[in-house]
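J.: Quick check, what structure comes out for this input:
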Amino acid sequence: MTVPGGYSIKTYRYLRMAMVAMIVLLGAALVIEWSKTDPHCLQTSISAYYYTPVRAIFVGGLITIGVCMVVLKGNTESEDILLNVAGILALVVALVPTPGQGACHSVRVALGDAAPNVSNNMLAVFVVGVPCLLLTAFFIVRDRRRQPAGWTPMYVLGLGVAVLIFGGGLAWFLADRSGFIGNAHYASAIVMFVCIVAVVLLNAEQYRRKQRKHAVPHSPANRYSVIAVAMVAVPLFMVVWKKAFGWEHAVLWIEGTLIVLFAAFWVSQTQELWTDGIRQELPRSPQATPSPL
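T.: Below you'll find the model as predicted:
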């Protein structure tokens, strides 16, 4: 009979594969929409495809990816916090559309005023978020009492970061609704991608320590380092190119590049952790004691 731990590993695998499936689903929807327009006609950003028939998959896919990032446990507490922040912000990116509708549509999608949609949906997120944060605080306090040896202050830090982002977003939403509707999408998308890049960097460092611990001749290159360098260098090059020569679709290609590289990272990490679920956190030096987490 399969041990209970096996079911946990399977759940990790299914959640991870679901995230990759959502990225492929979004890519397929974008390609189908593009095929129905002039080959040279592209929206200036992936977010602008919200105003095309892609909208349902764009919103649903981002919400699914965001929930998965929050639900999945990171390999380290720092990675877990970054994934939680990225997941929370993915909901904002999905529910608050970019102001620019673009000019490339296979058909005109009838849209009402965005303000009521954002107001209703984001208020629902805030209503659900408050009890979620309170429940998380309850679990932290309970674990502190029951298992003091395995408890770490990083739990409190993670909750504090979530409360700060959630509370700041709620205050912005209540105090300046028009400013929130006009700018929350961009602000959330930038911070979300920064968190994702930081997650890849953390994995590159942890994988380097893993390679050092299990040193073998002709060990393969650090896959996460390659992805991390590409995540920083390629978008930076595109920004410089846009500044120097002008490029209307720079944001589209930057977003697309980061999404593809994130998918590559997620597939690579899923393959590495297929059997174990979570990588053991290794110390900086061989003499140090590994984290009990």
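
J.: how about low-confidence regions in the protein?
T.: Residues of the chain meeting the criterion pLDDT under 70: 1-5, 110-112, 150, 213-220, 281-293.

J.: Quick check: closest non-adjacent residue to the residue nearest in space to the middle of it.
T.: Geometric centre of the chain, nearest residue: residue 86, 4.2 Å, by Cα atoms, centre = their mean. Nearest non-adjacent residue to residue 86, counting by Cβ to Cβ, 6 or more residues apart in numbering: residue 195, 4.1 Å away. (Each C-beta comes from the backbone N, C-alpha and C, glycine too.)

J.: That neighbour contacts residue 90, correct?
T.: No: judged on Cβ atoms under 8 Å, residue 195 makes no contact with residue 90 at a distance of 9.8 Å.

J.: what about those two, which has more around it?
T.: Between residue 195 and residue 90, counted using other Cβ atoms under 10 Å, residue 90 has the larger neighbour count: 25 against 21.

J.: Let me see the contact set for that one.
T.: 62, 63, 65, 66, 69, 188, 192 (Cβ atoms under 8 Å, 6 or more residues apart in numbering).

J.: Give me the number of neighbouring residues for the third one.
T.: It refers to residue 65. Neighbour count of residue 65, defined by other Cβ under 10 Å: 26.

J.: what's the helix or strand harbouring residue 138 packed up against?
T.: Remark: residue 138 resides in helix 114-146, with elements defined by DSSP states H and E. Other elements packing on helix 114-146 under the criterion 3 or more Cβ pairs under 8 Å, 6 or more residues apart in numbering; DSSP states H and E are helix 77-95, helix 154-175, helix 177-213.

J.: The longest one to helix 114-146, inter-axis angle?
T.: Translated: helix 177-213. With axes from the mean of the first three to the mean of the last three Cα atoms, to 10 degrees applied, the angle from helix 177-213 to helix 114-146 works out at 40 degrees.

J.: any idea which of the contacts of residue 90 is closest to residue 105?
T.: Using Cβ to Cβ, residue 62 comes nearest to residue 105 of those, at 19.8 Å.

J.: My guess is that closest one contacts residue 89. True?
T.: No: Residue 62 is beyond contact range of residue 89, at 9.9 Å (criterion: Cβ under 8 Å).
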